[in-house]
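S.K.: I would like to see how this sequence folds:
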Amino acid sequence: MFRHSCRSLFKIIKCPYSSHGDPLGMHSQKGKLTQQQKNLMARGLPKQKPLAGVENIIVVASGKGGVGKSTTAANVALALLREDGREGVGLLDVDVFGPSIPKMLNLNGEPELNKDNMMIPLTNYGLKCMSMGFLVEEKAAIVWRGPMVMSAIQRLLLQTAWGSTKYLVVDMPPGTGDVQLSISQLVPITGAVIVSTPQDIALLDARRGVDMFSKVNVPVLGMVQNMSIFCCPNCGHQEHIFGQDGVTKMAEQLNTEVLGDIPLHIGIREAADEGCPVVMSQPSSPQALSYLSVARNIIRRIEELRAGD
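M.R.: Residues are numbered from 1 along each chain as shown. The predicted structure is shown next:
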């Protein structure tokens, strides 16, 4: 079966017990990159290589886990497809240790290889998708050191045949580590979207995410305030469970903008668990419309960046 053939693409990954989890020495550094660190990045990683057929690469990131980043990435990708998807939209899941996009999009097949030995993305709802979840058993734990992860991500990025794709949304793992640095070096990123809840603890890490992308010269398109408000489905009472307007205040401090507010709603969670995100399952609902608003603002921000160039 293809799964064994596809795994062969990853067999050359070596050094499973390498101790070089932070080859650039970034985790202990503050401020801007030194020239030495920039030189190390240039020597240690491949130079940026555009993805054939892909016009815009949008990374969806968060400083910490548990803030709804993957759910946001899936719904925003589908919203971009609805808004401006005639040239194709893709979703790349590079959260190697916790790939959740296959379940959210009800995809569990195995990619095929084309004549050029490139992986063909799986498709559902018109959205092209690639994930490490397609290449390993669903219940298998991935126990890899940094170099193995980096090599796998290179293959997911560079050995996938995306075809004509106007927007490629990349669901990043949480944090500000090697994966984020490597992807920013591998491919030219159009912009980053930072997802956070309004609570202070999440915002501390979101600030670090914004700072990291500024260090590697990736424009921050804006922030998404997720779980912004809870509306009781029984009585209609609204409650700011995670705090009020925290992301709005943070965005002002960081000289960026809020791309949209996403409510804390059971329908969003249920739709994701059922494999049909709310943008598809309830396209006219307030929840779906909030993701469409985010997609429109992302398109606007990209156009502004292009005009500025």
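
S.K.: Touching, Val258 and Gly246? I think so.
M.R.: No: using C-beta atoms under 8 Å, Val258 is not in contact with Gly246, being 10.5 Å away. Where C-beta positions appear, they are placed from N, C-alpha and C, glycine not excepted.

S.K.: Need the overlap of contacts for these two.
M.R.: Jointly contacting Val258 and Gly246 under the rule C-beta atoms under 8 Å, 6 or more residues apart in numbering are Gln225.

S.K.: where does this protein dip in pLDDT?
M.R.: 1-46, 137-146, 176-177, 309 (pLDDT under 70).

S.K.: repeat that with 50
M.R.: For the chain, the stretches with pLDDT under 50 are 1-3, 11-30, 44-45.

S.K.: residue ranges of the helices in it, please?
M.R.: 2-8, 35-44, 69-84, 101-104, 146-158, 178-186, 200-215, 246-253, 266-273, 278-281, 286-308 (DSSP state H).

S.K.: Please work out which of these is packed deepest.
M.R.: Using mean count of other C-beta atoms under 10 Å, the stretch among these with the largest mean neighbour count is helix 69-84, at a mean of 25.

S.K.: For the longest strand along the chain, which strands pair with it and how are they oriented?
M.R.: In terms of residue count, the longest strand belonging to the chain (DSSP state E) is strand 220-231. Partners of strand 220-231 in the sheet, by DSSP bridges, are strand 191-196 (parallel), strand 238-239 (antiparallel), strand 258-264 (parallel).

S.K.: In space, what's closest to Gly126 - neighbours in sequence excluded?
M.R.: Leaving aside its chain neighbours, Gly126 sits nearest to Leu81 (5.7 Å; criterion: C-beta to C-beta, 6 or more residues apart in numbering).

S.K.: If you could redo that for Asn106, that was the one I meant.
M.R.: Closest to Asn106 by C-beta to C-beta, 6+ apart is Gly275, at 2.9 Å.

S.K.: quick one: contacts for that neighbour?
M.R.: 103-107.

S.K.: And these, which is closest to Ala77?
M.R.: Of all these, the one sitting nearest Ala77 is Leu105; the distance, using C-beta to C-beta, is 9.1 Å.

S.K.: Lys128 is in contact with the closest one, correct?
M.R.: No: assessed by C-beta under 8 Å, Leu105 is found out of contact with Lys128, at 10.3 Å.

S.K.: quick one: which of these two has more around it?
M.R.: With neighbours defined as other C-beta atoms under 10 Å, Leu105 and Lys128 compare such that Leu105 has more, 25 against 22.

S.K.: Kindly state the beta-bridge partners for the nearest residue to that one once chain neighbours are set aside.
M.R.: Excluding the flanking residues, the one nearest Leu105 by C-beta to C-beta, 6+ apart is Asn124, at 5.0 Å. Note on Asn124: beta-bridge partners by DSSP bridges are Leu127.

S.K.: can you pull the contacts of the closest residue to Ala61 other than its chain neighbours?
M.R.: Nearest residue to Ala61, sequence neighbours excluded (C-beta to C-beta, 6+ apart): Met172, at 4.3 Å. Contacts of Met172 were listed using C-beta under 8 Å, 6+ apart, and they are 59-62, 69, 94-95, 179-180, 183.

S.K.: rewinding a little: any idea of the angle the longest strand of the chain forms with helix 69-84?
M.R.: Interaxial angle, strand 220-231 versus helix 69-84 (axes from the mean of the first three to the mean of the last three C-alpha atoms, to 10 degrees): 110 degrees.

S.K.: on that earlier part again, could you count how many residues lie near the residue nearest to Leu105?
M.R.: For Asn124, using other C-beta under 10 Å, the count is 18.

S.K.: so it touches Asn106, yeah?
M.R.: Yes: Asn124 is in contact with Asn106 according to C-beta under 8 Å; the separation is 5.9 Å.

S.K.: Need the CA coordinates for stretch 292-300. PDB is fine.
M.R.: C-alpha atoms of stretch 292-300 as PDB (Å, rounded to 0.1, in the frame of the first residue of the first chain):
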ATOM      1  CA  LEU A 292     -15.500  34.600   7.000                       C
ATOM      2  CA  SER A 293     -14.800  38.000   8.400                       C
ATOM      3  CA  VAL A 294     -11.300  36.900   9.400                       C
ATOM      4  CA  ALA A 295     -10.700  35.500   5.900                       C
ATOM      5  CA  ARG A 296     -11.800  38.800   4.300                       C
ATOM      6  CA  ASN A 297      -9.400  40.700   6.600                       C
ATOM      7  CA  ILE A 298      -6.600  38.400   5.800                       C
ATOM      8  CA  ILE A 299      -7.200  39.000   2.000                       C
ATOM      9  CA  ARG A 300      -7.300  42.700   2.700                       C
END
